[in-house]
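> Quick one, what's the 3D model for this:
(chains A and B)
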2 protein chains.
Amino acid sequence: MDEEELIAAIHARARRARVARGSGVAVGIGHDCAVLALRPGESLAWHVDDQVEDVHFRRRWARLGDVGWKAASAALSDLAAVGARPLGVQLALGVPRDLGDRSVLALVDGFVAALAAAKAPLVGGNVASRPAGQGISLSVSVAGAVRRPFLRSGARPGDGLYVSGSPGLARVALLLLEAGKRAPAAARERLLRPRPLVGLGLELARLAKGRPSAMMDVSDGLARSVAQLARASGVRAVLDEASLDFEATRRAGRGLGDVVDLVLEGGEDYELLVAAPPAFERTRVARAFTRIGVLERGRGALVRRRDGSESSLEGRGFRHR
Amino acid sequence: MDEEELIAAIHARARRARVARGSGVAVGIGHDCAVLALRPGESLAWHVDDQVEDVHFRRRWARLGDVGWKAASAALSDLAAVGARPLGVQLALGVPRDLGDRSVLALVDGFVAALAAAKAPLVGGNVASRPAGQGISLSVSVAGAVRRPFLRSGARPGDGLYVSGSPGLARVALLLLEAGKRAPAAARERLLRPRPLVGLGLELARLAKGRPSAMMDVSDGLARSVAQLARASGVRAVLDEASLDFEATRRAGRGLGDVVDLVLEGGEDYELLVAAPPAFERTRVARAFTRIGVLERGRGALVRRRDGSESSLEGRGFRHR
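Numbering: from 1, shown residues only, chains lettered A, B, ... in the order given. You can find the predicted model right below:
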């Protein structure tokens, strides 16, 4: 397939997965720009996210359908993190010339399946051939509509810190797969087919009482995310070590070292990290979260160990470079 | 520099070039999403464009500052094509590990200089290291605000076809540089430092009388663009060969073959192709355009030669793949 044929094939697959249209999409694929409508009072939430072969994934352990799925989900996760409703997605796909048509379409199928799961329409994009032997790259641009976006800043002393799910699972899978081993299903799923928490973000956005004061997604590891949120908000984060003993992570990561290290250093979980006032714990949506610490006056981010000692979080966390 | 340092350096350069803020930017670099505000009645115009090394440019003949400039301009050109006001830009940068810091920053400087020229703020993006030896890639996502977007569809029989500037100049430069020769300044400038016609697009959007019925930018060659516009609008395009003898292109392209072929096949000119009713010619903004043909009932796209013979445009035009 040449570029035009590939774009037509992507469009056909988007139609089949029912993500070629959306309520806010005035103009979709096929014009110089996509045109999207916001409702009165809404702002545009907009993010760009990349997945690059041999940086974010390896074909040795990720099927191309998973790669496509994850690229979409990782980008949509940032919409979840600000509490936005997905409006549309664009995909800039870089494919090496020696990648067969069937492989490219498997990638596309995974991508549109993730869009369908998140009810996010595909409204455009482009395809560029890369020289043979180079890596696949997906640059995903996502647009959403939001009334009062959650930011990393805004957390106050006295707020609790909460995280959804079981952070560290994706890291467990990564460590095992990189070592050529099998990963438990729960961990594998989290690394290869993460689900963006768009619905959870919208539920948080609808809260009147107990509304989070700050939020972000945990894409670069919990330790690093907590440090970033504390820095952006001008507060000090104190995590409670006992609360970081997530059972699912401990079980999947048996033999890989201390569960707290896995939880803190794991990246690509795409869970939500929330700072919120005490009233948050009385909301229904709080059940999806675990309280992991508290924010205080001051600067920095640390874990308070069971023995009372403190250990700084700065500089921890998964880095791609 | 690691990724965080590079992002900080990009941010610093954006501030220095005064493109770190913009009137519609509620939240810029440093949060999970950028947040942009539209005015009442405006829709979002949104486009993603890629520049990939050895596909769209070669370091042999393009300085990295030019590469950055062009990546921004090529993406902004699509906002011009729908008549949108730039709201913000995000850059997803892929850099091979063996590219030095100074080179990366030269690329960034060219990029922000083009944003400054178009008054388009940088609101986010990301950086991914690629394995050494792989090509540089820039995926540029642009957002604009538009009331009544110009589309490729909408042109009617009886409308004239108009193009801005001197199409083919970029192709002249490409042919010469690829052959290891020097290119005349006018052609070189057009290929390496194109200026997105954002102001011209906005002027067209303000027209009450003579408003274009369809518009697009000429990024893949005039022949191909005319064929695409005719197809999207369900009309037949008939170009007049005599009108395609652009003097600037003829002069720069001496020795490279027939000027009409250069004009029709040239890509990456980023000029605007407009279909408009006769009243368009009485507008002030029409002076920036040359009338090159007419739209008729029917299908297809062709050139009427000086001798009265006709030649189809389908399948012509510059292709990257």
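
> Helix, strand, or coil at the residue of the stretch 1-150 of chain A found nearest chain B?
In the stretch 1-150 of chain A, the residue that lies nearest chain B is A:Ser139 (3.6 Å; CB to the nearest CB). (Glycine included, C-beta is placed from N, CA and C.) Of the three states, A:Ser139 takes strand according to DSSP: H, G, I helix; E, B strand; the rest coil.

> I'd guessed it sits against B:Val48; true?
Yes - under the criterion of CB atoms under 8 Å, A:Ser139 makes contact with B:Val48 at 7.2 Å.

> So for these two, which residues contact both of them?
Taking CB atoms under 8 Å, 6 or more residues apart in numbering or on different chains as the contact definition, A:Ser139 and B:Val48 share the neighbouring residues A:91-92, B:139, B:141.

> ok, for A:Leu6, nearest residue in space, not its chain neighbours?
Among residues not flanking A:Leu6 along the chain, A:Val127 sits closest, at 5.2 Å (CB to CB, 6 or more residues apart in numbering or on different chains).

> For A:His56, report the pLDDT, please.
On pLDDT, A:His56 comes in at 87.

> Quick one: classify the residue nearest to A:Leu6 as helix, strand or coil.
Three-state assignment for A:Val127 (three-state DSSP): strand.

> is the closest residue to A:Leu79 other than its chain neighbours in a bridge, and if so with what?
Leaving aside its sequence neighbours, A:Leu79 sits nearest to A:Gly144 (CB to CB, 6+ apart; 4.1 Å). Beta bridges link A:Gly144 to A:Ala45, A:Pro86, judged by DSSP bridges.

> A:Gly144 against A:Ser77, yeah?
No - counting by CB under 8 Å, A:Gly144 does not reach A:Ser77; the two are 11.3 Å apart.

> Compare these two (neighbour count), which wins?
Counted by other CB atoms under 10 Å in any protein chain shown, A:Gly144 and A:Ser77 do not tie: A:Gly144 has more neighbours, with 32 against 29.

> residues contacting that one?
A:Gly144 neighbours (CB under 8 Å, 6+ apart): A:44-46, A:79, A:82, A:84-87, B:33.

> Get me the contact residues on the stretch 151-300 of chain A for chain B.
Residues of the stretch 151-300 of chain A lying close to chain B (CB under 8 Å from any CB of the partner chain) are A:151-153, A:216-217, A:232.

> quick check, nearest of those to A:Ser225?
A:Met216 (5.8 Å; CB to CB).

> what's the first-to-last distance across stretch A:48-66?
19 Å (CA to CA, to the nearest Å).

> can you check stretch A:160-176 too?
First-to-last residue span, stretch A:160-176, CA to CA: 33 Å.

> same thing with stretch A:24-31?
Stretch A:24-31 end-to-end distance (CA to CA) = 16 Å.

> in that stretch, what's buried?
Neighbour-count burial for stretch A:24-31 flags A:24-31 (criterion: 16 or more other CB atoms under 10 Å in any protein chain shown).

> now the helices for chain A?
A:3-16, A:64-82, A:101-118, A:169-178, A:185-192, A:198-205, A:222-233, A:247-252, A:259-265 (DSSP state H).

> Which neighbouring elements make contact with the fourth one?
The helices and strands touching helix A:169-178, judged by 3 or more CB pairs under 8 Å, 6 or more residues apart in numbering or on different chains; DSSP states H and E, are helix A:185-192, helix A:247-252, helix A:259-265.

> Report the rounded mean pLDDT for the second one.
Read it as helix A:247-252. The model assigns helix A:247-252 a mean pLDDT of 96.

> what do you get for the longest one?
Rounded to a whole number, the mean pLDDT of helix A:185-192 is 94.

> and stretch A:25-33, average pLDDT?
In the prediction, stretch A:25-33 has an average pLDDT of 85.

> Quick one, grab the pLDDT at A:Val67.
At A:Val67, pLDDT is 96.

> Name the nearest residue to it, sequence neighbours excluded.
Of all residues not flanking A:Val67 in the chain, A:Phe57 sits nearest, at 5.4 Å (CB to CB, 6+ apart).

> what's the neighbour count on the one you found?
Going by other CB under 10 Å, the residues that sit close to A:Phe57 add up to 25.

> which ones are touching it?
A:51, A:66-67, A:70.

> export those residues to a markdown table and tack on neighbour count?
Below are the contacts of A:Phe57 laid out as a markdown table (neighbours: other CB atoms under 10 Å in any protein chain shown):
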| residue | neighbour count |
| --- | --- |
| A:Gln51 | 22 |
| A:Asp66 | 21 |
| A:Val67 | 23 |
| A:Lys70 | 26 |
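
> Find the pair from these with maximum spatial separation.
Counting by CB to CB, the most remote pair of the contacts of A:Phe57 is A:Gln51 and A:Asp66, 10.5 Å apart.

> What score does A:Val260 have for pLDDT?
Model confidence at A:Val260 (pLDDT) stands at 94.

> isn't it right next to A:Glu241, touching?
Yes - assessed by CB under 8 Å, A:Val260 is found in contact with A:Glu241 at 6.0 Å.

> Give me the common contacts of those two.
In contact with both A:Val260 and A:Glu241: A:Val303, using CB under 8 Å, 6+ apart.

> of those two, who's got more company?
With neighbours defined as other CB under 10 Å, A:Val260 and A:Glu241 compare such that A:Val260 has more, 23 against 19.

> mind listing what the more buried one touches?
A:241, A:244-245, A:303.

> One more pass at 10 Å, please.
A:168, A:223, A:239, A:241-246, A:249-250, A:303, A:305-306, A:311 (CB atoms under 10 Å, 6 or more residues apart in numbering or on different chains).

> Type out the ChimeraX command that picks the buried ones from those.
Of those, the buried ones go into a single ChimeraX selection, burial set by 16+ other CB under 10 Å:
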select /A:168,223,239,241,243,244,246,249,250,303
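
> Which of the contacts of A:Val260 sits closest to chain B?
A:Ala223 (14.4 Å).

> low-scoring stretches of chain A, by residue?
Along chain A, segments meeting pLDDT under 70 span A:315-321.

> how about a cut-off of 80?
For chain A, residues meeting the criterion pLDDT under 80 lie at A:30, A:267, A:314-321.

> Cross-check the contact I'm expecting between A:Glu53 and A:Ser103.
No - taking contacts as CB atoms under 10 Å, A:Glu53 lies outside contact range of A:Ser103: 11.8 Å.
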